[in-house]
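Undergrad: quick one, structure for this:
(3 chains)
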Amino acid sequence: MNNGTKIVTIPETATIEDIKDEIRDVKTFYMSLDNKELDKNFKIKSGQFIMCTIFGAGEFAVSLPPSPENDRFHLTVRKVGSVTDALHELKAGDKVGIRGPFGNGFPFEEIKGKNIIYVAGGIGLIPLRSSIVHVLQHKKEFGRVLVLHGARTPDDLMYKENLKEWQSFPGFETYITVDVGTPGWTGEVGFVHTLFDKANLPVENTVAFVCGPPVMFNTVIGELLKRGLRDDCIISTLERHMKCGVGKCQHCAIGRTLVCTDGPVYTYRQIKTLGEQI
Amino acid sequence: MKQQPGVCTFCGTGCGHFMKVTGTAVERVFPSQNHPVSKGRLCVRGWNIHELLNTAQTINRPLIKKNGQFAIASYEEAIALLVDTLKALPPTAIGFLASPRSTNEEQFLLMKLARAVFKTNTISLSSDAGHRGCLNVLSRGTGMAGMTGSLDEICKAEFLLVAGSDITKQNPIVGSEIHLAAQAGAKIVTIDSRRTQIAKLSNTFLQITPGALKLAVAGIAKCVVQDGLIDSDFVRSSTKGFEEFSASLTQLSEQEITAKTGISIEEFKLVAKALSQAKTAMAFFSSGISGLDEDTISYIFNLFAMTGKIGKEGCGVNPITGINNLQGGYDMGCAPDLLSGFQSLSDQAAVKKFNTAWGVELNITPGRSVSELLAESPGQLKALVVIDHDEGLVRDAAALQKVDFIAYISTYKNKFMDHAHMVLPAARYIEEDGTFTSTDRRVQLSVKKREPQNDVLPGWKLYARIAEKAGAKWSYAGPAEVMDEISRLTPTYAKLSYKKLASTFGGVQWPCDEKNPDGTRRLDIKAAGSSISFAKVSGAFAVPAAGKDFPYLLMIGKAQDFWHQNNLMRKTFIPMREYNATLLDYPEGYVEIAPDTAKALQVRNQWQVKVVSPYGEMLLAVKISADVKPHAAYVPYFARDIIAKALTGHPEIFKQGEDATIPIRIEKV
Amino acid sequence: MYLIKKNDILQIAKALSTEYQVYGPVIEPGSGQTFFEKVEDVSEINLSAPIPAAPPKHIVFPQADRILSYRYAGGNAPVEMKPDFKETPKALFGLRSCDLTGLQCLDRFFLGQEFVDEVYRSLRKKMFIVTNTCVVPFKYCFCVCTDSGPAAEEGYDLNLTDIGDNFLIEAGSAKGKALCEKLQLAKAADKDLAEKNRLVDKSITLFESFSTESKAWVSRVMNRITTGFAKEEVWEYVGDQCFECGACSFVCPSCSCFNVVDTATGDCSCDRLRTWDSCSYEGYSRMAGGHNPRKPVEDRRNKRFFCKLSYSQSKKYLRPGCVGCGRCDWVCPGDIGMPNVVKYIRRETTSRDQL
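TA: The predicted structure is shown next:
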């Protein structure tokens, strides 16, 4: 699956090269590993995550938004606690620690030839970006590709430049909506599933990737199932409190699985049998 | 083998533990299986005490504030500054705020320092209202200023009354003993306005209207009288003053009781019957900063006296201290009007004894408590010495501004340091021998387990250095000699010594004297040949009523894993994380309301609401919970600064402690 | 199989102490409590001591363990990282079979999954294990219900059994055998083994009635938990009694959840500590930002027993996660140790009596 180097226990340092403001409280950090040999061999799979150390503050698990191929390595992180707060304080040139990549990742080879739907609520677009860009790089090998992104307000739309790019990319169908419009907003208003009719969602030979807050997740899944998508064709990535990333600390246990080693990517069919809240 | 026995120093339960110390690090903590109280258990705080003891967030050097910044000073310099400042002031302008966390030896010497060296009687602990009220009632009623029962007899009680205390969160191991007694067949009755864990574990839970606890207890007492459930033999042979109490109950009508408590008289009758039919019974309520008021405790005491449940095995009226050595603090005389062992400053023989022993002439005019002075006569205090304190005092920030000189003596850094003009470090409790008196009068020796870091002085030595600088000659070789002095001057501690404590696993309960050389497990009326006096009660049952403008009754209490101001918890990892679970979800505090209330107000979890009282208003997040009744609302203790700020017109609210209630309305924002 | 005079048994520990740091059961004199501790002198070891209050888990999985220390100067300055994996040869002398089983669970979990835990591996390396058969069970023991005692069957280098005047010594590895040969121990006869077997059979009859009653129930409860037939109301009943102290996890020989924190040791230096954690804590599964998928306490309680007693979780240990030592029962303020929970599930207890 992953032939590159894995950093398991002791973090390797990386240097932040550029920082980009995305939306309120969300920034993207471009970085590369200081050990150049390692950096060359550091191969990721879309849907995987890394453990990122902010020196002096601690470590956190974060999903990987870059495509596995020809994409600059970066993390997109929202400020939600003391460690991510500390990351947001860092500047270009500062160092962080990295372990990973960990987790199973999104299917790629297996879904070639199919229609792909991405449904992302808010910052749920971050983990999906990796797969979207990867599919874009191989568009010819896929059927219809739809990106449906919903956010609270126009200011909360993620990866605005990417969205623009995807909107004009041949063969990509990109739909955007916001819960609450602001003056000047001419686009759609409504929750993300209200786009389904407009997008004329494919059902046959289709795989849907869904990521977003728990409330949105449940509504979207319900809609997709209603339209006839099979539960094993709906794919999501789960988030849990994590400490080790390698299946030992057990914080991310969900049902009989561990999100770090058995996940973070699950089909909805698997999720249903885990017997826990999402 | 480096497992050393010790005492957990968080709450007043006094659990036993073992510690493994390697070099300077506390590697591990483990419960003591054969300890008479804790019997192999610890709570989340106790299991993680090593995290606190290993923290780097300690005060390591004397500090003196110069131009608004702390600068490192030598002990000589700092002690000289302290002594010179205090010596230049009249004694009435000097106050000492003792800490319920200090050892008995430290508290005794601080008391001696205040009274004998600096001639002031303004020395107090911070919980005048709570625990002192308990001790007043118990001392007047039985002659013993402490729990009349014993924690190791909980398993012998057939009936257990928990009155308004979230005991499984505040003193988990006491809560555990109560739960285990029930598992073995005893009956638990909990009276509270909020459904706490112990309420869920009870056989009967009386969920009363907020503020009606006293009336509920009086209601049970009335049912005892009406239904002829009095233990007449006991009342006749062993008590005084029953008639007066009984007469005071006749004015109470069943209608009033039911209307104000929200509980039917039948339920009170059931409780009264179960209490009087049980051979043994104990009452538990928390004391300390948020304890019950004296009048409520008096009713509880009288209820247990009339049913003959005081002074026998498996019986007792048991205040539960929230901090490890609060009981010890009063035992050591850290109160404006008391010498050690609850001896009054007005007791001439006692004063004479101290004068002779200390070679001084004590000032016998009682002082005032520091918090009272700060609240009522700001500006009178010119210098204040504060020992290891929660940040709660910051609440009095405005009054503290008016104090010219504040010295803070503590182990751990906290926000209170900002208010101090100088800071002196004190060694951690595992760095020196010392004794602690837990809530059931159990004096336990905690032995030194490592050397103090950075040559920090232990408390007793620091106080001796201060006394010496002030011209007094104290010549203790160590804390054991301080205990010897305590035992000479304190009748309840008369036969206690380090030798005895070191050889008695699990500690010795006072009174430990000529008559009871091995200590006293519980008050024993028969053996003592003494009698119990019923407490005087007010007969007043003003219960704040909700009205049209303020339809909800707000109660103030504790939230899970919030422990005092959490200054100590914040220096750990696991307990801090648990505390954050509450605080991060509701950083500005929360108001707990019933699902029906939420529906009526059309609000959801974590939405902001405005809580308005006749005195002010505050913004809080909503937490919907079936644990509170409709028409009631609950704000956890940790939002207390916010409450104090918002409801300034109502400062006495904290004096009502656990039963504090304010009528409010809640507005959607 | 070898024999050694009872009074000479510590000679084996003595021999081990030249090569290994020796750990064994030690009685703390003041309280009479047994600890399994590193000894300075093997004479401290007491093989007839009751089951240690704490399992020897801390030897391979310390309560707070520094795994890394680092210094950072900020900006572009390189970060100095020092991994701290401790590797010392250790001999565990007089381990009870439940605790050996617990150690085996930890081995399978830490070493036998997708990733090998390097911290655990270095602590666990170079270990000599001497087990001690329980010829008398202790008050809380129920290893007969969980297939982990009273005598160890595999996984030891030497197993000792007190058979009267002598200890019967069984070698379970080449290392163990070599030591016996080196010490020129007398060979045991078949009758000595027969005596051991008789004592083990007798020990089994001495267990408290709970164990004998529950023998089959533990496996039936496993079935119920796995298939979801344990009632929700029972979990609520159990959850109400949980004091959230974490003790059950801390004293469990097979519990291995840990927390990781970076704690400042100076202005620009930190230690990364790995500390014991418990799934009964509310903060355990809480994510930054506040979402907590396991907020209700009964949910968390349920998880612990699910972890110990479900088939799917047992796969990671290749056996049930519970080893029947009974320690969770000793330390639980809520009286919901494993035996009681098993009892509640089997009786479907959901409420308590009113007055």
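Undergrad: from here on, contacts and neighbour counts on C-alpha atoms
TA: Noted.
Undergrad: can you list the domain ranges for chain B.
TA: Residue ranges for the domains of chain B, per automatic domain parsing: B:3-53, B:82-125+B:334-434+B:451-490, B:131-320, B:552-668.
Undergrad: mind checking which of the ones you listed is nearest residue A:250?
TA: Closest to residue A:250 of the domains of chain B, according to Cα to Cα: domain B:552-668, at 15.6 Å.
Undergrad: all helices of chain C, in order?
TA: C:10-17, C:57-60, C:97-111, C:118-124, C:174-182, C:190-205, C:209-226, C:232-240, C:247-251, C:297-309, C:311-317, C:327-331, C:338-347 (DSSP state H).
Undergrad: coming back round to it: nearest to chain A, of the domains of chain B?
TA: domain B:552-668 (8.9 Å; Cα to the nearest Cα).
Undergrad: what's the end-to-end length of the closest one?
TA: 14 Å (Cα to Cα, to the nearest Å).
Undergrad: stretch A:182-196 too?
TA: End-to-end distance for stretch A:182-196: 22 Å, by Cα to Cα.
Undergrad: report the rounded mean pLDDT for that stretch.
TA: The average pLDDT for stretch A:182-196 rounds to 91.
Undergrad: buried residues in that stretch?
TA: A:188, A:189, A:190, A:191, A:192, A:193, A:195, A:196 (16 or more other Cα atoms under 10 Å in any protein chain shown).
Undergrad: excluding chain neighbours, what is closest to the closest residue to chain B within chain C?
TA: Closest to chain B within chain C is residue C:245: 4.0 Å, counting by Cα to the nearest Cα. Once flanking residues are discounted, residue C:245 sits nearest to residue B:44: 4.0 Å by Cα to Cα, 6 or more residues apart in numbering or on different chains.
Undergrad: what does residue B:194 give?
TA: Residue B:194's closest residue in space is residue B:628 (Cα to Cα, 6+ apart), at 5.0 Å.
Undergrad: hang on, isn't the one you found packed against residue B:199?
TA: No: between residue B:628 and residue B:199 there is no contact under Cα atoms under 8 Å: 11.8 Å.
Undergrad: so residue A:210 touches residue A:217, yeah?
TA: Yes: here residue A:210 reaches residue A:217: they are 7.0 Å apart, a contact under Cα under 8 Å.
Undergrad: which of these two has more residues huddled nearby?
TA: residue A:210 (26 against 19; other Cα atoms under 10 Å in any protein chain shown).
Undergrad: which ones are touching that one?
TA: A:118, A:119, A:120, A:217, A:220, A:221, A:234, A:235, A:236, A:237 (Cα atoms under 8 Å, 6 or more residues apart in numbering or on different chains).
Undergrad: and for residue B:353?
TA: By Cα under 8 Å, 6+ apart, the neighbours of residue B:353 are residue B:489.
Undergrad: picking that back up, the buried residues of stretch A:182-196: which two are farthest apart?
TA: Using Cα to Cα, the buried residues of stretch A:182-196 span at most 13.1 Å, a distance reached by A:189 and A:196.
Undergrad: about what we covered before: do you know how far the residue of chain C closest to chain B is from chain A?
TA: 17 Å (Cα to the nearest Cα, to the nearest Å).
Undergrad: number of residues surrounding that residue?
TA: Neighbours of residue C:245 using other Cα under 10 Å come to 25.
Undergrad: looks like it contacts residue B:42 (just checking).
TA: Yes: counting by Cα under 8 Å, residue B:42 is a contact partner of residue C:245 at 7.1 Å.
Undergrad: hang on, the earlier thing: mind putting the domains of chain B into CSV with mean pLDDT?
TA: Converted to CSV, the domains of chain B look like this (pLDDT from 0 to 100):
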stretch, mean pLDDT
domain B:3-53, 93
domain B:82-125+B:334-434+B:451-490, 92
domain B:131-320, 93
domain B:552-668, 75
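Undergrad: closest one to residue C:53 among the ones you listed?
TA: Once these are compared by Cα to Cα, domain B:3-53 is nearest, at 7.5 Å.
Undergrad: and that closest one, end to end?
TA: Where domain B:3-53 starts and where it finishes are 16 Å apart, if you go by Cα to Cα.
Undergrad: roughly how far is that domain from the heart of the chain?
TA: 20 Å (Cα atoms, centre = their mean, to the nearest Å).
Undergrad: low-confidence ranges in chain A?
TA: Counting by pLDDT under 70, chain A contains low-confidence ranges at A:1-4, A:275-278.
Undergrad: near chain C, which residues of it?
TA: Proximity of chain A to chain C is confined to A:9-10, A:13, A:15, A:55-59, A:80-81, A:91, A:93-95, A:240-241, A:243-244, A:246-252, A:256, A:261, A:276-278 under the rule Cα under 8 Å from any Cα of the partner chain.
Undergrad: contact residues of chain C facing chain A?
TA: C:68, C:72, C:74-76, C:78-79, C:83, C:109-110, C:113-115, C:117-118, C:256-264, C:268-270, C:279, C:284-289, C:293-294, C:312-313.
Undergrad: narrow those to those in strands?
TA: Here DSSP state E is the test, and the residues of chain C next to chain A give C:68, C:83, C:258, C:259, C:260, C:261, C:262, C:263, C:264, C:269, C:270 as lying in strands.
Undergrad: roughly how far does the fifth one sit from residue B:55?
TA: The gap separating residue C:260 from residue B:55 is 16 Å, by Cα to Cα.
Undergrad: list the residues that contact the closest residue to residue B:498 other than its chain neighbours.
TA: Leaving aside its sequence neighbours, residue B:498 sits nearest to residue B:480 (Cα to Cα, 6+ apart; 5.7 Å). Residue B:480 makes contacts with B:433, B:434, B:497, B:498, as judged by Cα under 8 Å, 6+ apart.
Undergrad: also residue B:325?
TA: B:9, B:12, B:100, B:101, B:102, B:103, B:104, B:436, B:437, B:438, B:439.
Undergrad: residue of chain B with the smallest distance to chain C?
TA: For chain B, Cα to the nearest Cα, closest residue to chain C: residue B:44, 4.0 Å.
Undergrad: and residue 9, what element?
TA: No chain specified, so I'll use chain A. strand A:7-23 (DSSP states H and E).
Undergrad: could you check the angle the helix or strand that comes right after that strand makes with strand A:7-23?
TA: Next along the chain after strand A:7-23, taking DSSP H and E as the criterion, comes strand A:26-33. For strand A:26-33 against strand A:7-23, the angle between stretch directions is 140 degrees (axes from the mean of the first three to the mean of the last three Cα atoms, to 10 degrees).
Undergrad: excluding chain neighbours, what is closest to the spatially most central residue of chain C?
TA: The centre of chain C sits closest to residue C:253, judged by Cα atoms, centre = their mean, with a distance of 1.7 Å. Nearest non-adjacent residue to residue C:253, counting by Cα to Cα, 6+ apart: residue C:102, 4.6 Å away.
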